[in-house]
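Enquirer: curious how this folds, go ahead:
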Amino acid sequence: MRKYLPSVLTALIIIVGIILGLISGINLSALQKETLKILIIITLSSVLYCFVVGEITGNTSQMDKLWSILPIAYIWVIAIKGGFTLRLIVFAVIITLWGIRLTFNFARKGAYSIRFWEGKEDYRWAILRQTKPFNNRIVWAIFDFLFISLYQNALVLAITLPALASMEVATFGAIDIFASIMGLAFLVLETVADEYQWKFYTKRDELLKDGKTLAEIESPYNKGFNTLGVWSVMRHPNYLGEQGIWCSLYFMSVGAGICKFGIFNWSIIGPLLLIFLFMGSSAMGEKITKGKYGEYADYQSKVFKYLPIKKYR
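Expert: Reported below is the predicted structural model:
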């Protein structure tokens, strides 16, 4: 039971945060409503595209390809409509840098193709399709529409809404500066983590050429999973960076002074739901990795998911 306690507490904190965000009230100005309508049109177009193309081609990573691109479009729409205040420019620059990094990292893994509907699918979708009840064609189509296409598109929109919430506040103070620095720091963490991950798996795959097995190649590549660099002190430094960026940028809306309950305003819902998504995603990824590589359980017992400190058992 103890091993589930952190997840339960995190889920409770997320629920409380969402409730406080909702009861703080959503009072949008005419300009915010007009901007939101544009964003919703883009979102619904993306939902339709992801579902139709994913079902026709059998490649359900269409939303994965757009995950790093849509927020850039959303934030620049908000920045343009908001008159390019300093807060919106900083928002836009950080999110654009984040999107370029993530798109590049996804592209070098073979996710994109000249024939845009093709490209490498995320391995987790293929595994999930083989498990019950998702191995049923109708069940999978429903899941594809409701979660992969609709929910994830809505979530991507939601994580950019702190910019919308604060788009008409021109002041830029100490909280905004701190949030900007933290956002950039988490971006650097993600970039470094991606490079260690890319170099590890590139080297491992080179060593596995000519029919060699993991047991026959040199350490630490024979483990099968990465434990180098920041991955030696955190199991998911890239996930920490991803969540950290969006939570940091949320605090720019706090800096705008629109909160009614301490640090809470309605736009916190997006960042909190993102954390909830990564709880499930990391659990699924670790279950798959643990089943493939014998030493992963030992790695889990020694290294925290997000804390760069050694575990003491």
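
Enquirer: any regions of the protein where pLDDT drops low?
Expert: In the predicted model of the chain, residues 1-6, 312-313 satisfy pLDDT under 70.

Enquirer: which residue ranges of it form strands?
Expert: For the chain, no strands are identified by DSSP state E.

Enquirer: next one: the residue nearest to Gly224 when sequence neighbours are not counted from Arg204, what distance?
Expert: Setting aside the residues directly before and after it, Gly224 is nearest to Tyr293 in space (C-beta to C-beta, 6 or more residues apart in numbering), at 4.0 Å. Using the backbone N, CA and C atoms, a C-beta is placed for each residue, glycine as well. Tyr293 is 11 Å from Arg204, where distance means C-beta to C-beta, to the nearest Å.

Enquirer: anything in contact with each of the two?
Expert: The contact sets of Tyr293 and Arg204 overlap at Gly224 (C-beta atoms under 8 Å, 6 or more residues apart in numbering).

Enquirer: higher neighbour count, the two?
Expert: More crowded of Tyr293 and Arg204, by other C-beta atoms under 10 Å: Arg204, with 19 against 15.

Enquirer: wait, doesn't that one sit right on Pro220?
Expert: No - with contact defined as C-beta atoms under 8 Å, Arg204 does not reach Pro220; the gap is 9.2 Å.

Enquirer: next up, the contacts around the spatially most central residue of the chain.
Expert: Nearest to the mean C-alpha position of the chain, counting by C-alpha atoms, centre = their mean, stands Glu242 at 5.3 Å. Residues in contact with Glu242 (C-beta under 8 Å, 6+ apart) are Phe186, Glu190, Leu274, Phe278.

Enquirer: any of those residues buried? List them.
Expert: Neighbour counting by 16 or more other C-beta atoms under 10 Å classes Phe186, Glu190, Leu274, Phe278 among these as buried.

Enquirer: hmm, back to that, quick one: the residue nearest to the centre of the chain and Ser248, what's the gap?
Expert: For Glu242 relative to Ser248 (C-beta to C-beta), the value is 11 Å.

Enquirer: returning to what we had before: Ser267 versus the residue nearest to the centre of the chain, what's the distance?
Expert: 18 Å.

Enquirer: now do Ala297
Expert: Distance, Ala297 to Ser267, using C-beta to C-beta: 39 Å.

Enquirer: in terms of neighbours, single out the busier of these two.
Expert: Ser267 (25 against 12).

Enquirer: hang on, the more buried one packs against Ile159?
Expert: No - in this structure Ser267 lies outside contact range of Ile159 using C-beta under 8 Å: 9.1 Å.

Enquirer: picking up where we left off before, how about the contacts of Glu242 in TSV, adding distance to Gly229?
Expert: Converted to TSV, these look like this (distance: C-beta to C-beta, whole Å):
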residue	distance to Gly229
Phe186	16
Glu190	13
Leu274	24
Phe278	20
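
Enquirer: which residue sits farthest out from the middle of the protein?
Expert: Asp210 (35.8 Å).

Enquirer: gap between that residue and Phe225?
Expert: Distance from Asp210 to Phe225, counting by C-beta to C-beta: 22 Å.

Enquirer: these two touch, right, Trp76 and Ala92?
Expert: Yes - counting by C-beta under 8 Å, Trp76 does reach Ala92; the two are 5.7 Å apart.

Enquirer: look at those two and report which has more neighbours.
Expert: When Trp76 and Ala92 are compared for neighbours, Ala92 comes out ahead with 22 against 17, by other C-beta under 10 Å.

Enquirer: OK, contacts around that one?
Expert: Ala92 sits next to Ile75, Trp76, Ile78, Ala79 when contact means C-beta under 8 Å, 6+ apart.

Enquirer: go again using 6 Å as the cut-off
Expert: Ile75, Trp76, Ala79 (C-beta atoms under 6 Å, 6 or more residues apart in numbering).

Enquirer: would you check how far apart it and Leu86 are?
Expert: 11 Å.

Enquirer: ok, now Thr103?
Expert: Thr103 sits 26 Å away from Leu86, going by C-beta to C-beta.

Enquirer: looking at the two, which one has more neighbours?
Expert: Thr103 (18 against 12).

Enquirer: surely that one meets Leu66?
Expert: No - taking C-beta atoms under 6 Å as the definition, Thr103 is not a contact partner of Leu66, at 9.8 Å.

Enquirer: thinking again about what came up before, wait, the residue nearest to Gly224 sits on Asn226?
Expert: No - in this structure, Tyr293 is not within contact of Asn226 by C-beta under 6 Å, at 10.7 Å.

Enquirer: show me the helices in the stretch 151-300 of the chain, by range?
Expert: Under the criterion DSSP state H, counting those that start in this stretch, helices of the stretch 151-300 of the chain are mapped to 152-159, 161-165, 174-207, 237-255, 269-292, 296-302.
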